[in-house]
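pasting a predicted model and its sequence here:
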2 protein chains.
Amino acid sequence: MPSDLFHVFETYLQGKVALTAEEIDRLRAIAVEKKVYRKQYLLQEGDTWKTDAFVARGGLRTYLRTENGQEHIIGFAIENWWIGNREALLSGQPSRWNIDAIEDSVILLFPHDRFDQLCLDIPPFGSFIQTILQRSFVKSQRRIETTLSATAEQKYADFVERNPQFLDRVPQSMIASYLGMTPETLSRIRRQAAKR
Amino acid sequence: MPSDLFHVFETYLQGKVALTAEEIDRLRAIAVEKKVYRKQYLLQEGDTWKTDAFVARGGLRTYLRTENGQEHIIGFAIENWWIGNREALLSGQPSRWNIDAIEDSVILLFPHDRFDQLCLDIPPFGSFIQTILQRSFVKSQRRIETTLSATAEQKYADFVERNPQFLDRVPQSMIASYLGMTPETLSRIRRQAAKR
DNA sequence: CGATTCTTTGAAAACAGTCAATCTGTGTGG
DNA sequence: CCACACAGATTGACTGTTTTCAAAGAATCG
């Protein structure tokens, strides 16, 4: 099995931002490929996080584990998504989150210092990344909205509508966790909704 | 009453980012001061939003009104905070949120086009603003965490710890809305917590 | 097939929401 | 200065939803 998945990233960039071959080479030069098999960690709480990370293949989850052992899912990421922990990256502090693989995955890791430098050196790339970040922010605010205003059933309907790509790749119990309810509740809600 | 509160913004910038007098003048040149009295709107759902906005005085709330008339508070902002609707700003679409004043307030409005240009023209300012945005993102993720993992009582304790500056300026019923509970529930929680 | 993991179901308990009434503090007008 | 109105906060009784705990059913994988 060949394992150079940088081309996935190249394809992703196409149509999103116009870069020269040299510029892409500069990105390639700093990319490190990392395989994370199912149930393995990409990041564990307590560790530091100093990279920008792109999922080239597979799927992962980011989650918080509380003192009493409960896991709360912050988010999912599959191929062509960015993943990581902005808080730990900006603060330099140990991560409070965990990231592990739901499927065998391949991640491209870009050391943050160098990545940031490339954002400055290649303005179109920099503003592209900035847009990605701002969209993440908007998404996270949308999630807060839904959390505040929607019933459990509406939350699930909203998730199905906005994230159909996860439905068949993520266990239902993890979706429940992401939505802030127990697996039992989600199961019952689905039964209710199916009746219509 | 003199009404030039740009100096509040200047004071805010000091120590955060080193700008020359000319650079500050360029910011001043595009700033428009707007008074928003208590209960008046800075932004109404359906309107477009094309500015970056800095609160020079007073306090405001951002909230979502659902079909059945319920209000859900997205956030608060007081002097020295930025306020606005990034989703509407980025998309150009009509706002789904409302922003109104909790106290008589004065806002500095920077037309987004020109503001963005200044971020490019004055790199230290640009990266300062970028940092602000990233911190907002991190904050919003923190809020999601708390929503998912904390009990009602923990949510309130967390709010008190992180946002003491709002406690004596925002009605308790609005804090309840922000935390995703009814005013009655918050009242009961406070009584419980006081017993210890 | 057997083991493991995930989902579903049921019954009881805990929790938060609703509705309605009362209480408290603030500010206004007579 | 007092009386009143108003907004916000509290309290109680009740209802509805979600969680918890336990067990049984699917589905998946080696």
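Looks like it arrived, so ask away. It should be emphasised that the depicted structure is a prediction, and the values quoted were computed from it without experimental measurement.

top helix in chain A by residue count?
The residue-count maximum for a helix in chain A (DSSP state H) belongs to helix A:123-149.

so, in contact with DNA strand D or not, the following helix or strand past it?
Scanning the chain past helix A:123-149 towards its C-terminal end, the next helix or strand to appear is helix A:152-162 (assignment: DSSP states H and E). Yes: judged by Cβ under 7 Å from any atom of the strand, helix A:152-162 comes into contact with DNA strand D through A:Ala152. (Each C-beta comes from the backbone N, C-alpha and C, glycine too.)

packing partners of helix A:152-162?
With contacts defined as 3 or more Cβ pairs under 8 Å, 6 or more residues apart in numbering or on different chains; DSSP states H and E, the secondary structure elements packing on helix A:152-162 are helix A:123-149, helix A:172-179, helix A:183-194.

give the buried residues for that helix.
Neighbour counts using 16 or more other Cβ atoms under 10 Å in any protein chain shown place A:152, A:155-156, A:158-159 of helix A:152-162 among the buried residues.

tabulate those residues (TSV), appending pLDDT.
Conversion of those to TSV gives the following (pLDDT from 0 to 100):
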residue	pLDDT
A:Ala152	96
A:Lys155	97
A:Tyr156	97
A:Asp158	97
A:Phe159	97
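
and whatever residue of chain A ends up closest to DNA strand C, how far from A:Val160?
Ranking the residues of chain A by distance to DNA strand C (Cβ to the nearest atom of the strand) places A:Gln172 first, at 2.8 Å. Separation of A:Gln172 from A:Val160 (Cβ to Cβ, to the nearest Å) stands at 12 Å.

now A:Glu23: phi and psi?
phi -60, psi -40 (degrees, to the nearest 10).

next one, pLDDT for it please.
Predicted confidence (pLDDT) at A:Glu23: the value is 98.

so what's A:Pro94 up against?
Residues in contact with A:Pro94 (Cβ atoms under 8 Å, 6 or more residues apart in numbering or on different chains) are A:45-48, A:88.

mind doing that once more with 6 Å?
Each residue near A:Pro94 by Cβ atoms under 6 Å, 6 or more residues apart in numbering or on different chains is listed here: A:Gly46.

got it, and A:Arg28?
With Cβ under 6 Å, 6+ apart as the criterion, the residues that contact A:Arg28 are A:Phe6.

same check on A:Ser105?
Counting by Cβ under 6 Å, 6+ apart, the residues that A:Ser105 touches are A:36, A:57-58, A:60.

most neighbours among those, which one?
Per-residue neighbour counts (other Cβ atoms under 10 Å in any protein chain shown) across the contacts of A:Ser105 peak at A:Leu60, which has 26 neighbours.

packing partners of whatever helix or strand that residue lives in?
Assigned by DSSP H and E, A:Leu60 belongs to strand A:59-65. With contacts taken as 3 or more Cβ pairs under 6 Å, 6 or more residues apart in numbering or on different chains; DSSP states H and E, strand A:59-65 sits against strand A:71-78, strand A:97-101.

related to what we said a few turns ago, need the pLDDT of the residue of chain A closest to DNA strand C.
Confidence per residue is given as pLDDT, and for A:Gln172 that number is 97.

now do A:Pro2
With respect to pLDDT, A:Pro2 has a value of 52.

which member of the buried residues of helix A:152-162 is positioned nearest DNA strand D?
The nearest one, if we look at these relative to DNA strand D and count by Cβ to the nearest atom of the strand, is A:Ala152, at 3.3 Å.

residues contacting the closest one?
A:181, A:189 are the contacts of A:Ala152 under Cβ under 6 Å, 6+ apart.

A:Phe159 versus that one, what's the distance?
Relative to A:Phe159, and taking Cβ to Cβ, A:Ala152 is found at 11 Å.

tell me the residues of chain A that contact DNA strand C?
Applying Cβ under 7 Å from any atom of the strand, one finds that chain A approaches DNA strand C through A:171-173, A:183-184, A:186-188, A:190-191.

can you flag the buried ones in these?
With neighbours counted by 16+ other Cβ under 10 Å, the residues of chain A next to DNA strand C contain buried members at A:Leu186.

possible to save the residues of chain A next to DNA strand C as JSON lines with distance to B:Leu109?
Supplementary listing: the residues of chain A next to DNA strand C in JSON lines, determined by distance: Cβ to Cβ, whole Å:
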{"residue": "A:Pro171", "distance to B:Leu109": "47"}
{"residue": "A:Gln172", "distance to B:Leu109": "46"}
{"residue": "A:Ser173", "distance to B:Leu109": "47"}
{"residue": "A:Pro183", "distance to B:Leu109": "47"}
{"residue": "A:Glu184", "distance to B:Leu109": "49"}
{"residue": "A:Leu186", "distance to B:Leu109": "44"}
{"residue": "A:Ser187", "distance to B:Leu109": "49"}
{"residue": "A:Arg188", "distance to B:Leu109": "48"}
{"residue": "A:Arg190", "distance to B:Leu109": "46"}
{"residue": "A:Arg191", "distance to B:Leu109": "50"}
